[in-house]
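> how would this look folded up:
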Amino acid sequence: MDKDLKKIYNNISIERSEKNIYRKKIIPYGNVDYSQIIYYKSEEEYLKDCLNLFNKVITKKEKLEGRKIFEKVLKEELENYIFLKLLIEKKIKLENFDINNEKKEISKIIKKYENSFKNYIEESYPLKKFKVYNIVHNIKISEKKEEFGIYTLYKTSENEEYLKEYLDFLTKNCQFLGQTILETKVEARDQESANEIAKEKNEMFVDITNFILPNYISVGKNYFREDRYSLAISDDGICQNTYNEFNISSNFDDIKKSPYFFKLFYLTEKKELSFVENKIRLSLHWYREFLHEKDVKNSLLKGMIALEGLVLTKKLGDEYGIQSYLKIIISIILEEKDNKKTTSKEIKKLYTRRSEIAHGEKSYIDKSDIKNLKRILYNIFEKFLIKDIYQNLTTEEKYNNFFKNLKLKEKKFNFLKIKFLLKKWWGL
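Sure thing, here's the model as predicted:
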């Protein structure tokens, strides 16, 4: 028998006691007429035991790629099992229901649960291919459709028949149709999980397109769609209309021309990302937030999160200090010799500004600060994407050792350089 499932069931009671004080209502098969009250040691214990059971269902691979089954589904199936088990053991009764008539069939289902909860879920909810549709804002395509990897962009006006079901759904819910629709292909075991996985993939789509061609491209929600117009009225009754600048849609053809297009969209399809690839993926999001943030202080903070996330590791930061080692890593990545001191000063200034903001001190952030941070970030992304040497840093250990070894070489070189100069000048 599945020991984690057995543990949960054995700790359940249908009456409150000193041992079991947590009251839990279960609604098996979504039917309120079947609802039952059960008791457990504590809510904390119940959630912990459920998590132990569910973690064996969701494989390590699925955790990396995105949960293929929604936790809500697992909770529902657990409640179904508890209900059937209590029913067949005659611990609960249903009106107008003779357990003897259904005993054989119920026993079969219980046996499947108890042999392996994981196998039961995989059998009941096989992996399926889903297509998830969303409106894309501030992007247009010249062709009828553009297909690349797991994504397909559709021109709404030329694909009304194919997109009929989704467009009807939007119309029924009084939603703006939009000129471009994004189809995202994902694998999942249930519909809610498909939507969650697609949401994550769509965030990557937005991060990548905004990196290649900075604009307010978004999926599902439109940046600044609301409050574009405002009305200011002074004490003397004078009105002034103002409006925020409307965003011009980016042309997808321009995005495709980028040398980074295929390199970045490849990350959305890859099952397991390398260490550097994962750093790129995570930092792209904060880079996008940094670009779009209107408040300069918040923009700088988000940019610094992107920078640290892109180049630092906890081990290197703890061992050598975040700021000092960040300067070293950046100078190595950007292959700077002549501008090394300049970049170091820029990093120091950015950290000073960040510290002032974080501690609530007065801070003046110049446009050049944001401009320098943007340049440094973009150039590092560029090096990570182009240079094979960084693509080979597949693990955190390789990454740490790579930069530690280069730092040691630099120290050795500086020592020999000083020794040579001392000998030349003073004959030492």
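
> From now on I want contacts and neighbour counts done on CA atoms only, so please keep to that.
Fine.

> Could you list the domains of the chain?
Domain assignment for the chain, taken from automatic domain parsing, gives 3-124, 127-271, 272-428.

> Can I get these in CSV including mean pLDDT and mean neighbour count?
Putting the domains of the chain into CSV (pLDDT from 0 to 100; neighbours: other C-alpha atoms under 10 Å) gives the following:
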stretch, mean pLDDT, mean neighbour count
domain 3-124, 89, 15
domain 127-271, 83, 16
domain 272-428, 82, 16
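
> ranges for the helices of the stretch 301-428 of the chain?
For the stretch 301-428 of the chain, the helices defined by DSSP state H, counting those that start in this stretch cover 314-320, 322-333, 340-358, 367-386, 388-391, 396-426.

> got TSV for these, with distance to residue 155 too?
Supplementary listing: these in TSV, determined by distance: least, C-alpha to C-alpha, whole Å:
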stretch	distance to residue 155
helix 314-320	45
helix 322-333	41
helix 340-358	43
helix 367-386	30
helix 388-391	36
helix 396-426	42
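
> gap between residue 328 and residue 371?
21 Å (C-alpha to C-alpha, to the nearest Å).

> Next: residue 175.
Counting by C-alpha to C-alpha, the gap from residue 175 to residue 371 is 38 Å.

> For residue 91, list the residues it contacts.
Residues near residue 91 by C-alpha atoms under 8 Å, 6 or more residues apart in numbering: residue 14.

> sec struct for it, please.
coil (DSSP: H, G, I helix; E, B strand; the rest coil).

> One more: residue 289?
Assigned with three-state DSSP, residue 289 falls in the helix class.

> now it: how far from residue 203?
12 Å.

> re the thing from before, for residue 281, which of the helices of the stretch 301-428 of the chain is the nearest?
Of all those, helix 367-386 sits nearest to residue 281, with 10.2 Å by C-alpha to C-alpha.

> contacting residues around that closest one?
Helix 367-386 is touched from outside by 260, 263, 276, 280, 287, 296, 299-300, 303-304, 306-307, 330, 333-334, 346, 350, 390-391, with contacts defined as C-alpha under 8 Å, 6+ apart.

> mind running it again at 7 Å?
Helix 367-386 is contacted by residues 300, 303, 307, 333, 334, 350, 390 when judged by C-alpha atoms under 7 Å, 6 or more residues apart in numbering.

> swap in stretch 284-302?
For stretch 284-302, the surrounding residues in contact (C-alpha under 7 Å, 6+ apart) are 207, 210, 211, 303, 305, 306, 354, 370.

> Residue 184 touches residue 135, doesn't it?
No: in this structure, residue 184 is not within contact of residue 135 by C-alpha atoms under 7 Å, at 11.2 Å.

> Strands of the chain, residue ranges please.
In the chain, the strands defined using DSSP state E lie at 22-26, 36-40, 128-137, 139-140, 145-148, 151-155, 180-188, 218-219, 229-233, 239-243, 250-251.

> Indicate which one of those strands is closest to residue 94.
Residue 94 lies closest to strand 36-40 among those, at 10.4 Å (C-alpha to C-alpha).

> Quick one: list the elements packing against the closest one.
Packing contacts for strand 36-40, counted by 3 or more C-alpha pairs under 7 Å, 6 or more residues apart in numbering; DSSP states H and E, involve strand 22-26.

> What strands flank the strand it packs on, and is each parallel or antiparallel?
Paired with strand 22-26 in the same sheet, following DSSP bridges, are strand 36-40 (antiparallel).

> what residue is smack in the middle of the protein?
Nearest to the mean C-alpha position of the chain, by C-alpha atoms, centre = their mean, lies residue 200 at 5.3 Å.

> and the gap between that one and residue 157?
Separation of residue 200 from residue 157 (C-alpha to C-alpha) stands at 27 Å.

> ditto for residue 332
Computed with C-alpha to C-alpha, the distance linking residue 332 and residue 157 is 50 Å.

> could you measure residue 79 against residue 254, distance?
Separation of residue 79 from residue 254 (C-alpha to C-alpha): 52 Å.

> could you pull out the helices for the stretch 151-300 of the chain?
Using DSSP H, counting those that start in this stretch, helices in the stretch 151-300 of the chain cover 164-172, 191-212, 252-256, 261-269, 275-292, 296-311.

> So which elements touch the second one?
Spelled out, that is helix 191-212. Against helix 191-212 (3+ C-alpha pairs under 7 Å, 6+ apart) you get strand 128-137, strand 180-188, strand 218-219, helix 261-269, helix 275-292.

> Show me what the shortest one is packed against.
Counting by 3+ C-alpha pairs under 7 Å, 6+ apart, the packing neighbours recorded for strand 218-219 are strand 128-137, helix 191-212.

> circling back to that earlier point, mind checking which of the helices and strands packed on helix 191-212 is nearest residue 3?
Closest among the helices and strands packed on helix 191-212, using C-alpha to C-alpha: strand 180-188, at 26.4 Å.

> Run me through the strand neighbours of that closest one, direction for each.
Counting by DSSP bridges, the strands paired with strand 180-188 are strand 128-137 (antiparallel), strand 151-155 (antiparallel).

> Any chance of CSV for these, columns distance to residue 50?
Conversion of the strands paired with strand 180-188 to CSV gives the following (distance: least, C-alpha to C-alpha, whole Å):
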stretch, distance to residue 50
strand 128-137, 25
strand 151-155, 35
